[in-house]
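Trainee: sequence first, then the predicted structure, then my questions.
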Amino acid sequence: MHRTFSGLCATGAMLFAASQALAAEPLPIQPAYDSPAFIAEDPALAGLIGRAAPGLRFTTLDNQPIDLGALYGRKPVYLKLWATYCIPCRAQMPGYEALYREYGDRIAFVAVDIGFGEKREKVASFVARTGLTMPVVIDDGRLSNWLQIKATPLHVLIDSAGRVAYVGHQDGPALHAALDRLTKPAPRTGHIAPSDPGQQTTLKIGERVPSFAEATASGPVLPARSRQKQAVLFTAPWCESYLKDLEPQTARNCAAFRAIAQRSAATHAIRWTAFASRLWTENSDLAPFQKLLGPNIKLILDNKASNFSNFGVRQIPAIALIDASGHLRDMIGADDAHVEDKITAFTKAP
């Protein structure tokens with residue numbers, strides 16, 4: 001979409017119109033490479049080139065194990081990160097399948113759904129509908145966090161030594177040239193040890209909540225000893241608009257959770273914070289969303305996804321309730337039919 005940063009797939013009237021057109025087609029024709037349906041490249045991706053790729057284990061949708069660390073040193077690897085509701089991802093799928101048929105005997109392809117706002121059955125249905133035949137896995141957040149992914153689709157090529165050789169959003173000449181380079185004989189440099197993606201721990205009910213990783217000029221958003229009840233809304237500025245036609249129930253849930261948070265925050269009985277997902281979100285997207293939330297809810301962009309990860313939020317919207325002593329008391333998901341009742345009871349409890 002010709003923005004200087006990786007960009008949000010869903011902002012602007014032009015992209016919204018594109019979403020309506022593409023949503024009706026499960027297998028759309030791939031647009032031209034300079035089409036606004038493709039997001040602009042992010043210059044920060046260049047910092048990944050040359051790094052040892054992460055050693056991660058996945059299980060495919062058909063229950064086959066994939067050990068990335070074991071693949072490195074044997075053949076190049078092509079990881080494509082995507083989401084079922086991402087319009088450019090949908091547009092690229094026919095071309096992606098064609099690349100697999102062309103290079104699949106020389107490069108290990110793994111289609112990685114990012115797992116954010118996804119469920120296994122939805123991913124499996126999408127894969128069947130679009131005719132993908134390469135191995136498909138769902139990320140638990142560790143690969144996305146290692147890559148610091150901000151938008152999909154994302155193509156990650158790893159050379160036969162296990163180093164990141166190419167990263168980009170677009171399916172175009174640069175990607176095709178990189179694939180050709182990977183398949184040409186190269187001097188043997190040996191297999192390097194994979195990067196450690198780290199462990200991912202999630203707060204459990206009753207555990208003490210640390211200060212939020214994101215901070216403002218005045219200090220942490222959630223001090224460890226706030227002595228005030230807290231509620232945290234996990235959402236995305238694009239949820240209500242971009243998903244209106246693609247994932248209408250999720251869009252309605254985001255609107256409902258926002259309204260519930262606004263009503264609660266207006267009473268000033270508990271302190272509200274909203275964390276915006278870093279996916280498809282830029283700092284410039286925050287001001288209009290803050291205006292929508294109103295002055296009683298502080299909005300923070302979760303740039304490193306550390307807070308979504310700490311609270312184990314993979315589906316939006318979600319709400320965390322934290323008592324005055326700083327302990328997590330409840331996590332409320334979109335499928336909970338008693339959201340407002342739980343918040344009211346939490347507010348009134350001693």
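Mentor: Perfect, thanks for sending it.
Trainee: report the next helix or strand after the lowest-mean-pLDDT helix or strand in the chain in sequence order.
Mentor: Within the chain, confidence by mean pLDDT, DSSP states H and E is lowest for helix 13-23 among all helices and strands, at a mean of 37. Using DSSP states H and E, the next helix or strand after helix 13-23 towards the C-terminus is strand 57-59.
Trainee: now the helices for the stretch 201-350 of the chain?
Mentor: For the stretch 201-350 of the chain, applying DSSP state H, counting those that start in this stretch gives helices covering 239-246, 248-266, 286-293, 306-310, 339-348.
Trainee: separation between Ile316 and Trp238?
Mentor: 10 Å (C-beta to C-beta, to the nearest Å). For the C-beta atoms, the positions are set from N, CA and C on the backbone; glycine is no exception.
Trainee: low-confidence stretches in this structure?
Mentor: Counting by pLDDT under 70, the low-confidence segments of the chain come to 1-40, 186-190, 212-226.
Trainee: please, where are all the strands along it?
Mentor: Applying DSSP state E to the chain gives strands spanning 57-59, 65-67, 77-82, 108-113, 136-138, 154-158, 164-168, 215-216, 219-220, 230-235, 271-277, 297-302, 318-322, 328-333.
Trainee: and the helices of the stretch 201-350 of the chain as TSV, adding distance to Lys184 and mean neighbour count?
Mentor: Listed next are those as TSV, based on distance: least, C-beta to C-beta, whole Å; neighbours: other C-beta atoms under 10 Å:
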stretch	distance to Lys184	mean neighbour count
helix 239-246	39	20
helix 248-266	44	18
helix 286-293	45	15
helix 306-310	38	20
helix 339-348	56	15
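Trainee: to Arg227, which of those helices lies closest?
Mentor: Ranking these by proximity to Arg227 (C-beta to C-beta) places helix 339-348 first, at 15.4 Å.
Trainee: need the contact partners of that closest one.
Mentor: By C-beta atoms under 8 Å, 6 or more residues apart in numbering, the residues outside helix 339-348 that reach it are 229, 231, 256-257, 260, 263-264, 267, 269-270, 319, 321, 329-330, 332, 336.
Trainee: now with 7 Å?
Mentor: 229, 231, 257, 260, 264, 269-270, 319, 321, 329-330, 332 (C-beta atoms under 7 Å, 6 or more residues apart in numbering).
Trainee: now Ile319: how far from Ala266?
Mentor: For Ile319, the distance to Ala266 - C-beta to C-beta - is 16 Å.
Trainee: how many other residues sit next to Leu157?
Mentor: Counted with other C-beta atoms under 10 Å, the neighbours of Leu157 add up to 23.
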